[in-house]
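Asker: model this:
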Amino acid sequence: MPRISELSLGFSGCPNDTAVFYALVSKRIELPGIRFLERIRDVEELNRSCLQGILDVSKVSFHAVGHLIPQYALLRSGAALGRGCGPLIVSRPGRSLDELHLGRVAVPGVYTTAQLLLNLFSKERCRETPMLFSDILLAVAEGTVDYGLIIHEGRFTYGGYGLVALQDLGNWWEKETGLPIPLGGIVIKRSHGAALAGSVEAAIRQSLAYYHSHPGEAGAFIREHAQEMDDEVTRRHIELYVTAETMALSEEGEEAVRVLLARARERRLIPDSRDPLFLT
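Answerer: From the prediction side, this is the model:
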C-alpha cells in the first residue's frame with residue numbers, strides 16, 4: 001500500500017478561505033500520498049502557530065510572512081490580494097484621525113497585515129489593543145476602545161453598529177504604491193521542499209476551480225464557519241477577497257508583496273532576510 005503522509009493545513013473560517021479550501025478538505029480534490037489535517041482558526045492564531053513552527057501549510061497574514069521567511073516559503077495560489085479590500089479604521093461619530101495616536105486602537109492581532117498597514121500609515125505609534133477581529137466592532141460601539149481596525153466581514157457591517165469609517169488603509173496603500181493590497185497568503189515549511197510545495201500549490205488551485213465550477217455546493221461548509229450569517233454579506237465577502245490573484249499570483253501581485261515587506265523592513269517592523277519568498 002502506498003505510504004500516506006499527513007500535512008497540517010491551517011486556514012481561517014472566513015468565507016474566502018473556506019471557499020478556497022472546501023474541495024480539498026472535503027476530498028473532492030485529492031493530492032496523491034497526502035492527507036490534509038485541517039485546522040480552522042482565527043488568522044492571528046494561524047500566524048502565531050506558524051511562528052512556533054506548528055503548521056505544515058497555512059494561510060497567514062503577509063505581515064507574518066515577513067517574520068516567517070526563514071522557516072516558510074510563500075505559495076502562488078490561495079492568496080487574498082486585490083484592490084478595494086483593505087482594512088478600515090472606524091470609530092464612533094465625532095472622532096477624527098488627528099487623535100488616532102492618542103486613542104486606544106483595537107487591532108485584529110499584532111502579526112496581521114492590518115496592524116502593519118496601520119503602522120506604515122500612522123506617523124506616530126498607536127496605543128494598540130489586540131483582540132479577536134469579530135469582537136472589534138462591538139468594542140468600539142460600546143466605548144471599550146476609541147478606534148477599531150476592522151477586516152473581513154466587518155467591512156460590510158460596521159454601519160449597523162453606528163460607526164463611521166475614517167480611513168480605508170487599502171485605498172491609502174493603492175494611492176501610495178499604485179499596487180493592489182496584499183492581505184494574506186499560503187505558506188509551506190521550507191523543509192518540505194520545492195516538489196511538494198509545487199504539488200500543494202496546484203492542489204489549492206484545483207480546489208478553487210472546483211468551488212467555481214460547483215456553485216452552491218460549498219454553502220453549508222462556508223456558513224458553518226462564518227462569523228456573519230447573512231448570505232448576501234457572505235457572497236460579497238467572497239467576491240471581494242477571492243480574485244484572479246487567489247488562483248495564481250500575477251507579477252503585479254508578487255511585486256505588491258515585495259514592496260509591502262520592503263517598506264516594513266525600512267521601518268524596522270519585520271526582520272531583515274535574504275531568503276527567497278518562493279521555493280518554486
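
Asker: S250: neighbour count?
Answerer: A total of 15 residues lie near S250 under the criterion other CB atoms under 10 Å. Using the backbone N, CA and C atoms, a C-beta is placed for each residue, glycine as well.

Asker: quick one: the strands in the stretch 1-150 of the chain?
Answerer: Assigned by DSSP state E, counting those that start in this stretch, the strands in the stretch 1-150 of the chain fall at 5-11, 34-40, 57-61, 72-74, 80-82, 88-91, 104-107, 127-130, 147-150.

Asker: need those strands in TSV with mean pLDDT and mean neighbour count, can you?
Answerer: Putting the strands of the stretch 1-150 of the chain into TSV (pLDDT from 0 to 100; neighbours: other CB atoms under 10 Å) gives the following:
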stretch	mean pLDDT	mean neighbour count
strand 5-11	95	19
strand 34-40	96	16
strand 57-61	98	28
strand 72-74	98	25
strand 80-82	94	26
strand 88-91	97	24
strand 104-107	96	22
strand 127-130	96	16
strand 147-150	96	28
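
Asker: now for these, which one comes closest to S273?
Answerer: Counting by CB to CB, S273 lies closest to strand 72-74 out of the strands of the stretch 1-150 of the chain; the figure is 11.1 Å.

Asker: which residues touch the closest one?
Answerer: With CB atoms under 8 Å, 6 or more residues apart in numbering as the test, strand 72-74 has contacts from 50, 60, 65, 185-190, 197, 257, 275-279.

Asker: of these, which belong to strands?
Answerer: Secondary structure from DSSP state E places V60, G185, I186, V187, I188, K189 of the contacts of strand 72-74 in strands.

Asker: which one among these gets closest to N171?
Answerer: Using CB to CB, the ones in strands among the contacts of strand 72-74 come closest to N171 at G185, 21.0 Å.

Asker: farthest-separated two in the contacts of strand 72-74?
Answerer: K189 and V257 (18.7 Å).

Asker: which residue ranges of the stretch 151-280 of the chain form strands?
Answerer: Using DSSP E, counting those that start in this stretch, strands in the stretch 151-280 of the chain cover 164-168, 181-189.

Asker: to the chain's geometric centre, what's the distance from the shortest one?
Answerer: Right, the one you point to is strand 164-168. Centroid displacement of strand 164-168 relative to its chain, using CA atoms, centre = their mean, to the nearest Å, is 20 Å.

Asker: over to the longest one?
Answerer: Centroid displacement of strand 181-189 relative to its chain, using CA atoms, centre = their mean, is 7 Å.

Asker: what's it packed up against?
Answerer: Counting contacts by 3 or more CB pairs under 8 Å, 6 or more residues apart in numbering; DSSP states H and E, strand 181-189 is packed against strand 57-61, helix 62-68, strand 72-74, strand 80-82, helix 113-121, helix 169-177, helix 193-213, helix 251-266.

Asker: shouldn't R155 be in contact with L88?
Answerer: Yes. Applying CB atoms under 8 Å, one finds R155 in contact with L88, separated by 6.0 Å.

Asker: pick out the residue closest to the middle of this structure.
Answerer: Nearest residue to the geometric centre of the chain (CA atoms, centre = their mean): G184, 3.2 Å.

Asker: next one: the nearest residue to it once chain neighbours are set aside from P180, what distance?
Answerer: With sequence-adjacent residues excluded and distances taken as CB to CB, 6 or more residues apart in numbering, G184 is closest to A80, at 4.6 Å. Plainly put, A80 is 10 Å away from P180 if you go by CB to CB, to the nearest Å.
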